[in-house]
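**Student:** sequence and predicted structure are below.
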Amino acid sequence: MRRLLLIAAAAVAIVLVAAVLMGAGRTSTASGNTPTTTPDEVTTTGHGVVNAVPDQAGISAGVQTTGATATAALDANAATMNRVIAALKAAGGTQLQTQEVSLNPQTTPSGRITGFQAENAVSAVSAVADTGKLIDAAVHAGANTIAGPNLTVSDQDALYRQALAKAVADARAKAQALAAAGGFGVGQVLNVTEQSTETPTPFQPTATAGTAPTPVEAGTEQITADVQVGFAIN
């Protein structure tokens, strides 16, 4: 009997030791204290601006003609527009592209057709310095409608990337100002969101054909970018 009691006591001791060892191998967690892997951050917005002088311009030159019949109106329009296209090319125009071709009846208030009106318009691009010459050449060749010029910067994508870099730098400067006031440090960039895209400002001078070249001033164009940046807090 004594032998059985000793064996039972030994078994209980082994179970207790195993339980203690298993408990020592576990890390206790307190409810409500789940650790997070997201670092503290400060978020600011930045604005960047790059000024550039437009170096190319686009215009649209059109011809409106009338005729007693649809064929007559179109034939007259085609003859004049061919001269306009040739003049645009001779004046240095590039990237010529037809914008519109239309034919519409002219009617009396009662609805009777009295004739037809044909319209054709083509766009062309040139250096800003040649824009006045381009307009004058089109008008002298017979164009009776002119739209533009639309002044743009040829390397706009590269300039916009410069504006983005300035916007990020502006965002960091704001974060550092907050850090100085709040007593913390600004670390690496955690995230960046682009908030805007560059949009050129249209320029619409009045064009008149005469003995003097039509003046066109390039002015300046502002290329802007806006970003939102999250910085790690040290």
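**Tutor:** Cool, the structure landed. None of these values were measured; they are calculated from a predicted model.

**Student:** all the helices of the chain, residue numbers only.
**Tutor:** 2-24, 70-90, 131-140, 156-182 (DSSP state H).

**Student:** helices and strands around the longest one, which ones?
**Tutor:** With contacts defined as 3 or more CB pairs under 8 Å, 6 or more residues apart in numbering; DSSP states H and E, helix 156-182 has these neighbours: strand 41-52, strand 186-194, strand 221-233. Where C-beta positions appear, they are placed from N, C-alpha and C, glycine not excepted.

**Student:** hang on, the earlier thing: can you tell me which of the helices of the chain is packed in deepest?
**Tutor:** helix 131-140 (a mean of 23; mean count of other CB atoms under 10 Å).

**Student:** pLDDT of that one, averaged?
**Tutor:** On average, the pLDDT along helix 131-140 is 95.

**Student:** again, but for stretch 108-128
**Tutor:** 95.

**Student:** tabulate the CA atom coordinates of it in CSV.
**Tutor:** Only the C-alpha atoms of stretch 108-128 are listed here, as CSV (Å, rounded to 0.1, in the frame of the first residue of the first chain):
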residue,chain,number,x,y,z
THR,A,108,-36.0,81.7,-94.8
PRO,A,109,-38.3,82.0,-91.7
SER,A,110,-40.8,79.9,-93.6
GLY,A,111,-38.2,77.1,-94.1
ARG,A,112,-37.4,77.6,-97.8
ILE,A,113,-33.8,76.7,-98.6
THR,A,114,-32.0,79.7,-100.2
GLY,A,115,-28.4,78.3,-100.2
PHE,A,116,-25.8,76.4,-98.2
GLN,A,117,-23.0,77.3,-95.9
ALA,A,118,-19.8,75.2,-95.7
GLU,A,119,-17.2,75.4,-92.9
ASN,A,120,-13.8,73.9,-92.5
ALA,A,121,-11.2,74.6,-89.8
VAL,A,122,-7.7,73.3,-89.3
SER,A,123,-5.3,73.7,-86.4
ALA,A,124,-1.5,74.3,-86.6
VAL,A,125,1.4,74.7,-84.1
SER,A,126,4.4,76.9,-84.4
ALA,A,127,7.0,78.6,-82.2
VAL,A,128,5.6,81.5,-80.3
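
**Student:** buried residues in it?
**Tutor:** 116-128 (16 or more other CB atoms under 10 Å).

**Student:** ok, so of these, who is nearest residue 180?
**Tutor:** residue 128 (45.3 Å; CB to CB).

**Student:** pLDDT below threshold where in the chain?
**Tutor:** 1-39, 196-212 (pLDDT under 70).

**Student:** residue 226 - how many residues pack around it?
**Tutor:** Close neighbours of residue 226, defined as other CB atoms under 10 Å, add up to 18.

**Student:** how is this structure divided into domains?
**Tutor:** According to automatic domain parsing, the chain comprises the domains 41-53+156-233, 56-152.

**Student:** circling back to that earlier point, just tell me which of the helices of the chain ends up closest to residue 226.
**Tutor:** That would be helix 156-182 among the helices of the chain, by CB to CB, at 5.9 Å.

**Student:** what's the angle from that closest one to strand 186-194?
**Tutor:** Angle, helix 156-182 to strand 186-194, by axes from the mean of the first three to the mean of the last three CA atoms, to 10 degrees: 140 degrees.
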